[in-house]
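In: from the sequence below, what's the structure:
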Amino acid sequence: MKGYQRSYLFAVTLLSAACGSHSLSHKASNSGPHVDCENERLCQIEADITLRNQELEAAKNKGNHIEVQGLRLELNYLKELKDASKKDQNELIEQVESKYDVLRNLFSIETQNAATKRNFNGAIAENSRPNPDEAYPKPFVSVYHPLVLEEVKRVNEDFGELYIKETLNSSGNPTFKSVKVKRPWSGYWLPFRDRTLYEGKNSPLGKMDQIVQYLGYDSTIAETQKKTFGIYKADGWEGLCDAWALASVVTPEPKKSRNVYGVNFSVADLKALLTFTHAKYPYIQYGITYRGDADTDGTLQDLKPEAFHQVVTKVLGEQKRALIVDETAGVEIWNKPLYSYRWRITKDPEYDFAYLVKAFPLLVKQKEQNSSSPTHVDDILAPTYNYRLYVDKSVKKDGKFRVIAGQWLGKSRSYHPGNVKYPILNGSIGSHNQEFNKYLDIYKRIFLTQ
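Out: Numbering: from 1, shown residues only. Okay, the predicted model is just below:
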């Protein structure tokens, strides 16, 4: 337990220096309430989690903002230490201890910057002092919201932890690395306010009704959709951009119209049906989607850059599969396929435990109206992402350092992916229209069987 106590006492000293007087106990063991458990280490950690939560509430009541953030950092440490201790692997425990030594150092720098009204890039910044009403303020990169920390851990568990070094060419100069897959197709995202999908017999669903009726069934697909969404008061951004993005990643782009039983389906119709039938297609997502509460609002749902970078390099780079990103972090959701990524990693001139990343993704934009036009260069979006990755230089693999935290920089602080997802291989299609789903096999037999 010596490493655990030493690491915790370091944090107490740091908080004392940052805050002046404080109520934190200097005894890591025997300081919390008694907890019955078989494993002594886990018992102590559980007791300290309880105690730290009590001290957190007291710090909130006192309005001691720096102490609040320091306690949140310690709770993250205890949570990760608990998880590592359950696996009973000394190497994992030592890595947690080492990671939080670095993060406490970062927290100390951030505390000083906040106190002197400087942002973490070193420049004088107005209103940079933490807002006491903001639970996880921007100056504290070292303090992750628990939900965000869990998302980062999910990425690490699924793909392994991220290790980085400078991207250099054979002459030792900075250069770019890149990964790329086949470009997905652009299509209309079918906003819920638009009745194009189901209004009239020549709409995509109206034409599907004609096919099903021709085969002897009493189909009311379009009418069912109208009853469901025709009265829905949707916001302007709500629609099927997620279904379109999934369809464009897993299906080839329709290039020609089709005539089925005398009913002509344009390319736009075929794309609309592909989008419609991928509304329930399964996928894996990293990052927290806004659910209308404080814990998932636009300031907390952000996918951290280290997690995003790892998913991109593993799925796009190694698995050779396109991804889907929620284009910006915030309340509105705008899903777009990502199929190309170029990035450069350089040493951070300000901090010897960090690297700077400049990246150039290529995204496919949705079409703003129902169109049969093929995907064109005008349908491509090319933003720039800038982020800083913090490393623990005591943990190294293949000449690369272990990444322990990340920070979006510059314009990327507000313009970066809110989440990233990729479709399950060989998943099942389906819509939210139960009448359509009754005839799903007919659709698949006619339109998806080559």
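
In: return the set of buried residues in stretch 228-236.
Out: Under the neighbour-count criterion of 16 or more other Cβ atoms under 10 Å, stretch 228-236 has Phe229 buried. In short, each C-beta sits where N, CA and C put it, glycine included.

In: what do you get for stretch 206-223?
Out: Buried residues in stretch 206-223, counted by 16+ other Cβ under 10 Å: Gly206, Lys207, Met208, Asp209, Gln210, Ile211, Val212, Ser219, Thr220, Ile221, Ala222.

In: what of stretch 94-104?
Out: Residues Gln95, Val96, Glu97, Ser98, Lys99, Tyr100, Asp101, Val102, Leu103, Arg104 are the ones in stretch 94-104 that count as buried (16+ other Cβ under 10 Å).

In: doesn't Ile164 make contact with Lys396?
Out: No. Using Cβ atoms under 8 Å, Lys396 is not in contact with Ile164, being 10.8 Å away.

In: neighbour count for these two, which is higher?
Out: Taking neighbours as other Cβ atoms under 10 Å, Lys396 and Ile164 compare with Ile164 leading, 18 against 13.

In: pretty sure the more buried one contacts Tyr355?
Out: Yes. Counting by Cβ under 8 Å, Ile164 touches Tyr355, with 6.0 Å between them.

In: what do those two both touch?
Out: Contact criterion Cβ atoms under 8 Å, 6 or more residues apart in numbering; residues shared by Ile164 and Tyr355: Ile345, Leu389, Val391.

In: who wins for neighbours among these?
Out: Busiest of those [other Cβ under 10 Å] is Val391, holding 26 neighbours.

In: quick check, that residue in a strand?
Out: Yes. Judged by DSSP: H, G, I helix; E, B strand; the rest coil, Val391 forms part of a strand.

In: SS state for the nearest residue in space to it that is not next to it in sequence?
Out: Using Cβ to Cβ, 6 or more residues apart in numbering and skipping the chain neighbours, the partner closest in space to Val391 is Phe401 (3.8 Å). With three-state DSSP as the basis, the three-state label of Phe401 is strand.

In: what's across from Phe401 in the sheet?
Out: Phe401 has these beta-bridge partners by DSSP bridges: Ile164, Lys396.

In: let me see the confidence value for it.
Out: Looking at Phe401, its pLDDT reads 98.

In: and it, how many neighbours?
Out: Phe401, neighbours per other Cβ under 10 Å, totals 21.

In: what's it in contact with, if anything?
Out: For Phe401, the contact set (Cβ under 8 Å, 6+ apart) comprises Tyr163, Ile164, Lys165, Val391, Asp392, Lys393, Val395.

In: switch to 7 Å and redo it
Out: Neighbour list for Phe401: Tyr163, Ile164, Lys165, Val391, Asp392, Lys393 [criterion: Cβ atoms under 7 Å, 6 or more residues apart in numbering].

In: ok, those vs Ser412, which is closest?
Out: Of all the contacts of Phe401, Ile164 has the smallest distance to Ser412: 17.3 Å, by Cβ to Cβ.

In: could you measure from the closest one over to Gln319?
Out: According to Cβ to Cβ, to the nearest Å, Ile164 and Gln319 sit 20 Å apart.

In: same thing with Gly172?
Out: Distance, Gly172 to Gln319, by Cβ to Cβ: 31 Å.

In: looking at the two, which one has more neighbours?
Out: Gln319 (12 against 8).

In: mind listing the helices for the protein?
Out: 2-19, 40-62, 65-86, 90-115, 146-159, 204-214, 221-229, 241-250, 267-277, 305-311, 434-438, 440-443 (DSSP state H).

In: circling back: which one of the shared contacts of Ile164 and Tyr355 sits closest to Val331?
Out: The closest of those, once distances to Val331 are taken by Cβ to Cβ, is Leu389, at 27.1 Å.

In: strands along the stretch 251-400 of the chain, start to end?
Out: Using DSSP state E, counting those that start in this stretch, the strands of the stretch 251-400 of the chain run over 258-260, 263-265, 283-286, 323-326, 335-347, 354-364, 380-381, 385-397, 400-408.

In: so which of these is the most surrounded?
Out: strand 323-326 (a mean of 26; mean count of other Cβ atoms under 10 Å).

In: partners of it in the sheet?
Out: strand 335-347 (antiparallel), strand 420-423 (antiparallel).

In: and Gln303, how far from Pro423?
Out: Gln isn't right for residue 303; it's Leu. Using Cβ to Cβ, which is the criterion applied here, Leu303 is 17 Å from Pro423.

In: all set, thanks.
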